[in-house]
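Trainee: Any chance you could fold what I've pasted below:
(2 chains)
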Amino acid sequence: MIAHIFEDRCDGCNNCVAICPTHVLDAGKDGAPVVARIDQCQTCYMCELYCTSDAIYVDPDQHHLHVVDPQAILESGHLGRLRHDYGWGREAGGDEGHLSDFWRLGPLLREGAEIAARRYAGRKA
Amino acid sequence: MSGHDVLALTTDVLIVGGGMAACWAATAAARAGARVVLVDKGFVGTSGVTATGGPNHWWVPPDPAKRAQAVEDRLARAFDLAERDWMARIIDETWRALPELAGYYPFDSDGRGGTFYSGVRGPEYMRALRRFAADLGVSILDHHPALELLVDHDGVVVGAAGHARLDDRLWAIQASSVVLATGGCAFRSGLIGSHGNTGDGLLMAAEAGAALSGMEFSVSYSLSPAWNSTRTLPYFAARFFDQEGRELDVPPPMSGEAAHLKALATAMIEGPVLADLSDAPALLKQLLRRIQPASMPPFERRGVDLFENRFPIRLFGEGTVRGTGGLQIVDEKCRTSVEGLYAAGDAATRELIAGATSGGGAQNAAWALTSGRIAGQAAARAASQRKSRATARGRPVGGAGLRPAADARPIDLSPVIPAVQASTIDFDGALWRSEAKLSSAKARLDLLWRDIADHAYATGIARIALREQAAMVAAARWVCASALARTESRGMHMRTDKPGLDPALGARLLTGGLDNVWTRLETDIVSQRIEAVA
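Mentor: Numbering: from 1, shown residues only, chains lettered A, B, ... in the order given. Sure, this is the predicted structure:
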């Protein structure tokens, strides 16, 4: 669930309020948005993906709310990492090939299933 | 609630929903010349299970022999409930549609010097569909959940009404045709992307008189770390251990008879199950971040190396999202059994192409795309033929949670989730169904339905959450009724007390009704029609 919004990084665009698919956030009076309905957060990370300020941290536990240490998160390198990994918003800057390996998803999935099938047959033999 | 402030619009085609089926429906309707309004509960681009996924579409080149083979392969696994013509149509339409997104989605290499079209990453795909729809002139209304349909004096659907949640105001949209693409129902299992998938469209349609089909085919799960539902790519080569470190005897994925799933579920009933991904393909370990970036945060933010450390896992229920049940489709235009109302994607039954099985990712996405395009185009054509309907004022027909049948009073909703999950998500009640378990689940749900329909009431944006609860109870009641009526085991519907196939039940099973839930084999209706003609 959304665990922290870094108000000093937030530029107040409220894009996260609009794009959150489950209406977790309310626009702030001035500045950062407010987490208003955390029970509706499904831990989908979409707010991080759409936050151009890298000001939101989603804790990966979708069942329990955790108190996090903002300083530790700032130092962890997690902030903005997901958006970077997607290449989100950087497509216009030239071909960075963010999707050039995406075709391998199916073959790798099948390879995994084959590994499991071979291993299982070996165990049963 | 600022009740006096109502957004009132009139359009040709109203699309309800904001996932891939809804967007494909909207683009098809707009291209057919219709004015199109799309209302979504969330935000078009992040809403629903596609946005957080990476759907692969059924992709067969236009070689008649290959296509015929693809159809026969799937038909053989559909338990006699799918149709060749529908499958062939889905394959053909999908092949033609995806390249049309080239201006919006950054299609990349297929690894063999060509372009990879069939598989797309969720956030980029939904962003592309949003832009495509917007460029075609579709009016997109985010955060405008629909609560009920509008029906004219002839019983024809002429619009929908709902509650805009960011502005906290009512909306009502009159339309010549309505397409429901509201997704499946995951019964609040926690499945990634499914929080809004509560069966709202199914309830709305049933209130207008629509029938559903295949609701018994609603048992499906995906594997994830216990604390965060994710995609399943990393788990295919996994080994599984109990808490004491003993390796579990789990048949490989895709073993048939749901053996993999049942072995995992059996172990999880006993206690925590840990996954060990050290056997995963070497290339996957290198490339997982590039392929599915969202697979990493659940682990990295816990300090877990997913390929080195064992970690607890969980099966997240998928209900009718990956299950096949949904609104009955009565013709080749994706019409429902109610005039003016079309259905697409997971809100519609997928039995036409997948029968009693899930259909797997590739068939499902192709169905969502194609049924969306078919429904959108047909809705636009129908709208152009009866423009006058849009001016006919519809009557809102929503019941449970909106207009209590008796006295309005606060009711305890805490039993809803356990009750709706009993026959759909809970391992024992869903994977090992029996008449006794289903009857017990049905009795609980019937009591809840009575309470909600008679008394439940809310104001302001709380109406949205209340309707979600009502819709889940309705959907679970149709699941129970269908699962009770299908006195056999077929595909993903598995009954311990009726283990084999019953040839007499080799037909689709319809259900519907609100206070009184009914079921009926589709063949009965066909034979009744034939009798009526004779």
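
Trainee: Can you say which helix or strand has residue B:298 in it?
Mentor: Take DSSP states H and E as the rule and residue B:298 turns out to sit in helix B:297-300.

Trainee: Just the residues contacting the very next helix or strand once past that helix, thanks.
Mentor: Going down the chain from helix B:297-300, the next helix or strand is strand B:311-317, by DSSP H and E. Outside strand B:311-317, the residues that touch it by CB atoms under 8 Å, 6 or more residues apart in numbering or on different chains are B:186-187, B:189-192, B:220-227, B:229, B:235, B:240, B:261, B:264-265, B:268, B:272-275, B:299, B:304, B:421, B:424-425, B:427, B:430. For every residue, glycine as well, the C-beta is placed using N, CA and C.

Trainee: any idea which helix or strand comes after strand B:311-317?
Mentor: Taking DSSP H and E as the definition, the helix or strand that follows strand B:311-317 towards the C-terminus is helix B:319-322.

Trainee: What is the end-to-end distance of stretch B:484-494?
Mentor: Between the opening and closing residues of stretch B:484-494 there is a gap of 11 Å (CA to CA, to the nearest Å).

Trainee: What residues of that stretch count as buried?
Mentor: Of the residues in stretch B:484-494, those scored as buried under the neighbour-count criterion (16 or more other CB atoms under 10 Å in any protein chain shown) are B:484-486, B:488-494.

Trainee: and of these, the nearest to chain A?
Mentor: Distance to chain A, by CB to the nearest CB, is smallest for residue B:492 among these, at 18.6 Å.

Trainee: Would you check how far apart that closest one and residue B:313 are?
Mentor: To residue B:313, residue B:492 is 21 Å away according to CB to CB, to the nearest Å.

Trainee: now do residue A:48
Mentor: Plainly put, residue A:48 is 24 Å away from residue B:313 if you go by CB to CB.

Trainee: go on, residue B:187?
Mentor: Distance, residue B:187 to residue B:313, using CB to CB: 20 Å.

Trainee: Show me which of the two is the more surrounded one.
Mentor: Relative neighbour count places residue B:187 above the other of residue B:187 and residue B:313, with 33 against 20, counting by other CB atoms under 10 Å in any protein chain shown.

Trainee: In terms of helices and strands, where is the residue in chain A positioned nearest to chain B?
Mentor: Per CB to the nearest CB, the residue of chain A with the smallest distance to chain B is residue A:112, at 2.9 Å. Applying DSSP H and E as the criterion places residue A:112 in helix A:105-124.

Trainee: what sits up against that helix?
Mentor: The contact list for helix A:105-124, computed with CB under 8 Å, 6+ apart, reads B:54, B:56, B:119, B:233-239, B:249-254, B:279-281, B:283-284, B:287, B:291-292.

Trainee: Just give the closest residue to the residue of chain B found nearest chain A, not the sequence neighbours.
Mentor: For chain B, the residue positioned closest to chain A under CB to the nearest CB is residue B:236, at a distance of 2.9 Å. Distances taken as CB to CB, 6 or more residues apart in numbering or on different chains put residue A:112 closest to residue B:236, at 2.9 Å, once the chain neighbours are dropped.

Trainee: Around that neighbour, count how many other residues there are.
Mentor: 24.

Trainee: and the nearest residue to residue B:18 once chain neighbours are set aside, backbone torsions?
Mentor: Distances taken as CB to CB, 6+ apart put residue B:40 closest to residue B:18, at 2.7 Å, once the chain neighbours are dropped. When read as degrees, to the nearest 10, the backbone of residue B:40 gives phi -130, psi 150.

Trainee: Buried ones from the contacts of helix A:105-124, can you make that a PyMOL selection?
Mentor: Selecting only the buried entries of the contacts of helix A:105-124 in PyMOL, with 16+ other CB under 10 Å as the criterion:
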select buried, chain B and resi 54+56+119+233+234+235+236+237+238+239+250+251+252+253+280+281+284+287+291+292
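
Trainee: Just the ones in helices from the contacts of helix A:105-124, please.
Mentor: Within the contacts of helix A:105-124, membership in helices is found for B:283-284, B:287, B:291, as judged by DSSP state H.

Trainee: As CSV, those residues with pLDDT and distance to chain A would be great.
Mentor: What follows is the ones in helices among the contacts of helix A:105-124, written out as CSV (pLDDT from 0 to 100; distance: CB to the nearest CB, whole Å):
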residue, pLDDT, distance to chain A
B:283, 97, 6
B:284, 96, 5
B:287, 95, 5
B:291, 95, 5
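
Trainee: okay, the residues you listed in CSV with distance to residue B:213 next?
Mentor: Putting those into CSV (distance: CB to CB, whole Å) gives the following:
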residue, distance to residue B:213
B:283, 41
B:284, 38
B:287, 40
B:291, 35
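
Trainee: Give the full set of residues in contact with residue 50.
Mentor: Let's take chain A. Contacts were defined as CB under 8 Å, 6+ apart; by that measure residue A:50 touches A:15-16, A:19, A:88, B:46.

Trainee: if you could check chain B rather than the one you did, that'd help
Mentor: Counting by CB under 8 Å, 6+ apart, residue B:50 touches B:19-20, B:122, B:125-126, B:193, B:365, B:368.
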